[in-house]
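1. Sequence plus predicted model, see below.
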Amino acid sequence: MAATGAMLTYEVVARYFFIKPTIWAAELSQLCLIWGCLLAMAWVLSKRHHITVNAVTNLLPIQIQKVLVTLSLLIILIFSGIVTIWGWEIFYDSFSRGRTTGSLLNLQSWIAELSVPVGFALTFAQALSELLTIRKSGLTTLGSGGE
(Lines give C-alpha, C1' and ligand atoms only; values in the text may rest on other atoms or scores of the structure.)
Protein backbone atom coordinates (compact mmCIF):
# COMPACT_ATOMS: atom_id res chain seq x y z
CA MET A 1 0.00 0.00 0.00
CA ALA A 2 2.94 2.30 0.70
CA ALA A 3 4.38 1.52 -2.73
CA THR A 4 1.02 2.42 -4.29
CA GLY A 5 0.99 5.74 -2.47
CA ALA A 6 4.56 6.49 -3.53
CA MET A 7 3.87 5.67 -7.18
CA LEU A 8 0.72 7.76 -7.34
CA THR A 9 2.42 10.68 -5.58
CA TYR A 10 5.26 10.49 -8.09
CA GLU A 11 2.70 10.42 -10.92
CA VAL A 12 0.89 13.50 -9.62
CA VAL A 13 4.14 15.45 -9.21
CA ALA A 14 5.43 14.35 -12.62
CA ARG A 15 2.15 15.13 -14.37
CA TYR A 16 1.16 18.43 -12.79
CA PHE A 17 4.47 20.03 -11.87
CA PHE A 18 6.74 18.81 -14.68
CA ILE A 19 4.12 18.05 -17.36
CA LYS A 20 5.76 14.64 -17.87
CA PRO A 21 3.27 11.91 -16.91
CA THR A 22 4.50 8.35 -16.53
CA ILE A 23 3.22 5.34 -18.45
CA TRP A 24 3.76 2.99 -15.52
CA ALA A 25 2.50 4.55 -12.28
CA ALA A 26 -1.23 3.90 -12.60
CA GLU A 27 -0.93 0.31 -13.79
CA LEU A 28 1.76 -0.71 -11.32
CA SER A 29 -0.09 0.92 -8.42
CA GLN A 30 -3.21 -1.05 -9.42
CA LEU A 31 -1.15 -4.24 -9.37
CA CYS A 32 0.13 -3.41 -5.89
CA LEU A 33 -3.43 -2.81 -4.66
CA ILE A 34 -4.76 -6.01 -6.22
CA TRP A 35 -1.95 -8.18 -4.85
CA GLY A 36 -1.96 -6.42 -1.48
CA CYS A 37 -5.69 -6.87 -0.91
CA LEU A 38 -5.85 -10.47 -2.07
CA LEU A 39 -2.76 -11.53 -0.11
CA ALA A 40 -4.14 -9.83 3.00
CA MET A 41 -7.34 -11.90 3.11
CA ALA A 42 -5.76 -14.93 4.80
CA TRP A 43 -3.78 -12.78 7.23
CA VAL A 44 -6.90 -10.83 8.20
CA LEU A 45 -8.73 -14.11 8.83
CA SER A 46 -5.89 -15.39 11.02
CA LYS A 47 -5.85 -12.17 13.08
CA ARG A 48 -9.67 -12.01 13.36
CA HIS A 49 -9.83 -8.55 11.83
CA HIS A 50 -12.75 -9.19 9.50
CA ILE A 51 -15.73 -6.92 9.95
CA THR A 52 -18.48 -8.85 11.68
CA VAL A 53 -21.97 -7.92 12.81
CA ASN A 54 -22.57 -9.71 16.09
CA ALA A 55 -25.71 -7.97 17.35
CA VAL A 56 -27.79 -11.14 17.15
CA THR A 57 -25.15 -13.85 17.42
CA ASN A 58 -23.77 -12.46 20.68
CA LEU A 59 -27.18 -13.09 22.24
CA LEU A 60 -27.07 -16.78 21.33
CA PRO A 61 -25.59 -19.54 23.52
CA ILE A 62 -21.85 -20.19 23.07
CA GLN A 63 -22.46 -23.60 21.45
CA ILE A 64 -24.69 -22.02 18.78
CA GLN A 65 -22.07 -19.31 18.19
CA LYS A 66 -19.45 -22.04 17.62
CA VAL A 67 -21.75 -23.79 15.16
CA LEU A 68 -22.27 -20.50 13.27
CA VAL A 69 -18.51 -19.85 13.15
CA THR A 70 -18.00 -23.39 11.83
CA LEU A 71 -20.67 -22.79 9.19
CA SER A 72 -19.02 -19.47 8.26
CA LEU A 73 -15.64 -21.17 7.88
CA LEU A 74 -17.19 -23.90 5.71
CA ILE A 75 -18.73 -21.23 3.46
CA ILE A 76 -15.35 -19.47 3.24
CA LEU A 77 -13.72 -22.81 2.35
CA ILE A 78 -16.21 -23.59 -0.39
CA PHE A 79 -16.13 -20.08 -1.85
CA SER A 80 -12.33 -19.84 -1.68
CA GLY A 81 -11.95 -23.25 -3.28
CA ILE A 82 -14.24 -22.35 -6.18
CA VAL A 83 -12.55 -18.99 -6.76
CA THR A 84 -9.10 -20.62 -6.58
CA ILE A 85 -10.02 -23.16 -9.27
CA TRP A 86 -11.74 -20.66 -11.58
CA GLY A 87 -9.07 -18.05 -10.95
CA TRP A 88 -6.37 -20.56 -11.88
CA GLU A 89 -8.19 -21.35 -15.13
CA ILE A 90 -8.40 -17.65 -16.03
CA PHE A 91 -4.73 -17.11 -15.11
CA TYR A 92 -3.59 -20.14 -17.10
CA ASP A 93 -5.61 -19.16 -20.16
CA SER A 94 -4.06 -15.67 -20.17
CA PHE A 95 -0.60 -17.10 -19.50
CA SER A 96 -0.79 -19.66 -22.29
CA ARG A 97 -2.24 -17.18 -24.80
CA GLY A 98 0.15 -14.38 -23.88
CA ARG A 99 -2.60 -11.83 -23.22
CA THR A 100 -1.52 -8.32 -22.34
CA THR A 101 -3.29 -5.42 -20.69
CA GLY A 102 -3.40 -3.32 -23.84
CA SER A 103 -2.22 -0.24 -21.96
CA LEU A 104 0.85 1.84 -22.69
CA LEU A 105 2.88 -0.38 -20.36
CA ASN A 106 1.34 -3.48 -21.97
CA LEU A 107 2.02 -5.85 -19.08
CA GLN A 108 1.13 -9.51 -19.27
CA SER A 109 -2.44 -9.95 -17.97
CA TRP A 110 -1.52 -13.02 -15.94
CA ILE A 111 0.55 -10.93 -13.52
CA ALA A 112 -2.61 -9.44 -12.02
CA GLU A 113 -4.76 -12.53 -12.59
CA LEU A 114 -2.40 -14.81 -10.65
CA SER A 115 -3.19 -12.87 -7.49
CA VAL A 116 -6.72 -14.31 -7.42
CA PRO A 117 -5.87 -18.03 -7.14
CA VAL A 118 -2.90 -17.30 -4.87
CA GLY A 119 -4.88 -15.06 -2.50
CA PHE A 120 -7.88 -17.36 -2.35
CA ALA A 121 -5.72 -20.50 -1.97
CA LEU A 122 -4.07 -18.87 1.05
CA THR A 123 -7.50 -17.94 2.41
CA PHE A 124 -8.68 -21.52 1.85
CA ALA A 125 -5.65 -22.84 3.76
CA GLN A 126 -6.19 -20.39 6.63
CA ALA A 127 -9.92 -21.18 6.86
CA LEU A 128 -9.09 -24.89 6.92
CA SER A 129 -6.54 -24.29 9.68
CA GLU A 130 -9.11 -22.32 11.68
CA LEU A 131 -11.71 -25.04 11.14
CA LEU A 132 -9.36 -27.80 12.32
CA THR A 133 -8.48 -25.93 15.52
CA ILE A 134 -11.93 -24.54 16.34
CA ARG A 135 -12.56 -26.99 19.21
CA LYS A 136 -9.31 -26.11 20.97
CA SER A 137 -9.51 -22.39 20.34
CA GLY A 138 -13.05 -21.79 21.61
CA LEU A 139 -13.61 -19.47 18.64
CA THR A 140 -17.06 -17.83 18.72
CA THR A 141 -16.51 -15.04 16.15
CA LEU A 142 -14.35 -14.36 13.10
CA GLY A 143 -14.12 -10.68 14.03
CA SER A 144 -11.80 -8.99 16.49
CA GLY A 145 -14.45 -8.60 19.16
CA GLY A 146 -14.14 -4.80 19.19
CA GLU A 147 -17.11 -4.22 16.91
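-> Received, thanks. Numbering: from 1, shown residues only.
2. Kindly list the longest helix within this protein.
-> Counting by DSSP state H, the longest helix found in the chain is helix 62-97.
3. Going by contacts, tell me the helices and strands next to that helix.
-> Using 3 or more C-beta pairs under 8 Å, 6 or more residues apart in numbering; DSSP states H and E, the elements in contact with helix 62-97 are helix 110-113, helix 115-132, helix 134-137. C-beta here means a position set from N, CA and C on the backbone, and glycine is covered the same way.
4. Looking at the ones you listed, which is nearest to Ser29?
-> Comparing the helices and strands packed on helix 62-97 by their distance to Ser29 (C-beta to C-beta), the top pick is helix 110-113, with 11.9 Å.
5. Just the mean pLDDT for that closest one, thanks.
-> Averaged across helix 110-113, the pLDDT comes to 94.
6. chain center to that helix: distance?
-> Between the mean C-alpha point of helix 110-113 and the mean C-alpha point of its chain there is a distance of 14 Å (C-alpha atoms, centre = their mean, to the nearest Å).
7. With adjacent residues omitted, what lies nearest to Gln126?
-> When the adjacent residues along the chain are set aside, Gln126 lies closest to Ala42, with 4.0 Å between them (C-beta to C-beta, 6 or more residues apart in numbering).
8. is it possible to export the helices and strands packed on helix 62-97 to a markdown table including mean neighbour count?
-> Putting the helices and strands packed on helix 62-97 into a markdown table (neighbours: other C-beta atoms under 10 Å) gives the following:
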| stretch | mean neighbour count |
| --- | --- |
| helix 110-113 | 19 |
| helix 115-132 | 19 |
| helix 134-137 | 11 |
